[in-house]
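>>> Build me a model:
(chains A and B)
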Amino acid sequence: NAGVTQTPKFQVLKTGQSMTLQCAQDMNHEYMSWYRQDPGMGLRLIHYSVGAGITDQGEVPNGYNVSRSTTEDFPLRLLSAAPSQTSVYFCASSPTGTTYNEQFFGPGTRLTVL
Amino acid sequence: AQSVTQPDIHITVSEGASLELRCNYSYGATPYLFWYVQSPGQGLQLLLKYFSGDTLVQGIKGFEAEFKRSQSSFNLRKPSVHWSDAAEYFCADMDTGRRALTFGSGTRLQVQP
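Here you go, the predicted model:
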């Protein structure tokens, strides 16, 4: 299994540009999440999904959209990038079941918005 | 809402010395607690987790953590620190409904020779 994969690893955008960060997992996990990491703030939840077709907002959703058309994929879209969105983005997945509550993280995408 | 507090932003210890990193959680129900480590420019590696049962949890790399409900704490310990332990450490609590984590702000560990 590849686990959780994210592309690209690095990206530089100009203010106002749009882009999609890709996230995929091959573990058949129902739950997926997007986090952003900023210095001194830990990781903060942007959006999450509890299954295909179901998404919801986390703590910092503004400026981001998500969709979950398949179990495997959970892309994060920036519609109009802003310098405040410069961050490292992590995608994670988690299986169902109450005895195995753990998140599996991707390697991250480092995004710079100029 | 859940919150996780790591009171120490930065800690420096000498190689071979013992280590304790503090973590306090706020959610009242049974917590699902984790410690992750992140080396510079790298992703997150799970050190250990606590769901229930024995309150002293063993993890990888010689780390352990103790869950204390009375103090709402889940402190990470290591008896003898190695230079390779220098990294940032994050404590987290899981929202089981969303299967998403609430992270503390992290503690950066520096190891002196």
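>>> only C-alpha atoms for contact and neighbour calcs from this point on.
Noted.
>>> Can you report how many residues neighbour B:Asp95?
17 (other CA atoms under 10 Å in any protein chain shown).
>>> Show me what it bridges to in the sheet.
B:Asp95 forms beta bridges with B:Ala100, as assigned by DSSP bridges.
>>> pretty sure it is touching B:Thr102, no?
Yes. Taking contacts as CA atoms under 8 Å, B:Asp95 lies within contact range of B:Thr102: 7.4 Å.
>>> Show me whatever sits in contact with both of these two.
B:Gln2 (CA atoms under 8 Å, 6 or more residues apart in numbering or on different chains).
>>> Apart from its neighbours in sequence, what residue is nearest the closest residue to chain B within chain A?
Of all residues in chain A, the one sitting closest to chain B is A:Gly42 (4.1 Å; CA to the nearest CA). Sequence neighbours aside, B:Ser105 is the residue nearest to A:Gly42 in space, at 4.1 Å (criterion: CA to CA, 6 or more residues apart in numbering or on different chains).
>>> mind checking the SS state of the one you found?
Going by DSSP: H, G, I helix; E, B strand; the rest coil, the secondary structure assigned to B:Ser105 is coil.
>>> Need the per-residue pLDDT for the closest residue to chain A within chain B.
Closest contact between chain B and chain A, by CA to the nearest CA, is at B:Ser105 (4.1 Å). Reading off the per-residue confidence, B:Ser105 sits at a pLDDT of 95.
>>> all strands of the chain, in order?
No chain in the question, so chain A it is. In chain A, the segments counted as strands under DSSP state E are A:4-7, A:10-13, A:19-25, A:31-37, A:43-51, A:54-57, A:64-66, A:76-78, A:87-94, A:104-105, A:109-113.
>>> not quite, I wanted chain B
Secondary structure of chain B by DSSP E: the strands cover B:4-5, B:10-14, B:19-21, B:24-25, B:33-38, B:45-50, B:56-58, B:64-68, B:73-78, B:87-95, B:100-103, B:107-112.
>>> What are the buried residues along the last one?
By neighbour count with 16 or more other CA atoms under 10 Å in any protein chain shown, strand B:107-112 contains the buried residues B:107-111.
>>> Surely B:Cys23 and B:Gln6 touch.
Yes. A contact is recorded between B:Cys23 and B:Gln6 when judged using CA under 8 Å, the distance being 4.8 Å.
>>> which one of these two has more residues nearby?
For B:Cys23 versus B:Gln6, neighbours defined as other CA under 10 Å are more numerous around B:Cys23 (25 against 21).
>>> which non-adjacent residue is nearest the residue nearest the centre of chain A?
Centroid-nearest residue in chain A, with CA atoms, centre = their mean: A:Trp34, separated by 2.8 Å. In space, and not counting its chain neighbours, A:Trp34 is closest to A:Cys91: 4.6 Å by CA to CA, 6+ apart.
>>> Tell me where the model's unsure across chain A.
In the predicted model, chain A carries pLDDT under 70 at residues A:98-100.
>>> Which residues of it lie near chain B?
If contact is defined as CA under 8 Å from any CA of the partner chain, the residues of chain A in contact with chain B are A:31-33, A:40-45, A:48-50, A:94, A:101-103, A:105-108.
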